[in-house]
Structure formats: C-alpha cells, structure tokens
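Engineer: Give me the fold of what follows.
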Amino acid sequence: MYTIGQVSEMFQLPISTLRYYDKEGLFPNLERQSGRRLFSESEIEALRVIECLKASGLEIKDIKQFMEWCVEGPSTYAKRKALFETRKAAVEKELDELQKTLDLLKYKCWYYETAIQDGNEDRINQMLPDNLPPAIQALYNNGHR
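Structural biologist: Have a look, this model is predicted:
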C-alpha cells in the first residue's frame with residue numbers, strides 16, 4: 001500500500017490532483033485508514049491508465065465514464081476497447097503531424113547549414129524541389145505534404 005505522498009512522487013503529480021481524481025470517483029475501491037488514502041497496486045495501475053488517457057487528450061469526465069465501465073464488468077469490454085481504439089487513432093494522427101513538423105525542422109536545419117557553408121542559397125534553390133540529397137528529399141517531401 002502506498003500513501004498519497006508516495007503516489008504523488010511516483011507519478012510526479014500534485015497531491016491535489018490525486019485528491020481531485022478520488023473526489024471524481026476515479027478510484028472506486030480506494031482504501032482509507034484513519035481518514036488517510038491508501039493506494040494499492042490496483043489504484044497504481046488505474047492511475048497509469050488515467051494518465052495515459054489524459055495524455056491522449058481524453059477529458060476527466062470521459063475517463064470517469066471509462067472507470068465506471070470497468071466497475072460494470074465484462075459487459076463493457078467492447079466499449080472500453082472502442083475507447084482505446086479511438087484514443088490510439090488520435091495519438092497516431094498527432095504523432096504523424098509531429099513527425100511532419102520534425103521533418104520540416106530537420107530540413108530547414110540542413111537548408112541553413114548548407115546556406116551558411118555556401119554563403120548563399122543558390123545551390124539549394126537549384127536542387128528544389130526534386131533534386132535534393134535522398135535523405136533530405138525525404139524530409140522535404142514529408143515536411144511539405
């Protein structure tokens with residue numbers, strides 16, 4: 001069993017956030033001894049899932065719904081799986097957009113490194129848009145899609 005302070009340190013979350021999650025019903029089986037919250041491995045795993053869903057862009061009210069489905073049991077497996085499929089798709093889309101951004105940044109770093117070496121942009125402009133070095137061309141193409 002873990003105290004709220006220990007869990008706060010483990011997850012780098014303010015104690016107030018953990019209290020809020022508890023108040024919202026995200027830890028339905030949380031034990032208390034003398035008014036102190038005690039977190040079991042079950043709550044620790046629930047918190048991992050909560051933080052994952054939150055990081056994926058899900059709102060607390062929807063996370064609460066998920067936790068209620070967990071309490072309801074096997075009849076909600078399909079709903080839970082659908083929720084995770086939707087969040088997975090959203091994160092994959094976000095990763096794709098971040099990769100596009102990263103590729104454009106990498107291309108521009110190469111661009112200006114080359115311009116600095118050459119003292120101008122003439123050689124680069126002669127290569128654009130389709131005659132860049134292969135690795136740079138891939139960055140350019142993804143960054144400009």
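Engineer: Tell me, how many residues neighbour Gly143?
Structural biologist: Gly143: 17 surrounding residues under other Cβ atoms under 10 Å. Backbone N, C-alpha and C define where each C-beta goes, glycine included.
Engineer: Once you drop chain neighbours, what's closest to it?
Structural biologist: With sequence-adjacent residues excluded and distances taken as Cβ to Cβ, 6 or more residues apart in numbering, Gly143 is closest to Leu104, at 3.0 Å.
Engineer: any idea which element the one you found lies in?
Structural biologist: Assessed by DSSP states H and E, Leu104 sits inside helix 77-118.
Engineer: okay, now the residue nearest to Gly143: neighbour count?
Structural biologist: Neighbours around Leu104, by other Cβ under 10 Å: 17.
Engineer: State the pLDDT value of it.
Structural biologist: pLDDT for Leu104: 98.
Engineer: quick check: domain ranges of the protein?
Structural biologist: With domains defined by automatic domain parsing, the chain comprises 2-72, 94-143.
Engineer: contact partners of the helix or strand harbouring Val71?
Structural biologist: Using DSSP H and E, Val71 falls within helix 60-72. If you take Cβ atoms under 8 Å, 6 or more residues apart in numbering as the criterion, helix 60-72 is touched by 21, 24-26, 28, 46, 49-50, 53-54, 58, 76, 79-80, 83.
Engineer: Determine how far it lies from the middle of the whole chain.
Structural biologist: Helix 60-72 sits 19 Å away from the centroid of its parent chain (Cα atoms, centre = their mean, to the nearest Å).
Engineer: again, but for stretch 44-64
Structural biologist: When C-alpha coordinates are averaged (Cα atoms, centre = their mean), stretch 44-64 and its chain have centres 11 Å apart.
Engineer: likewise stretch 2-19?
Structural biologist: Centroid displacement of stretch 2-19 relative to its chain, using Cα atoms, centre = their mean, is 20 Å.
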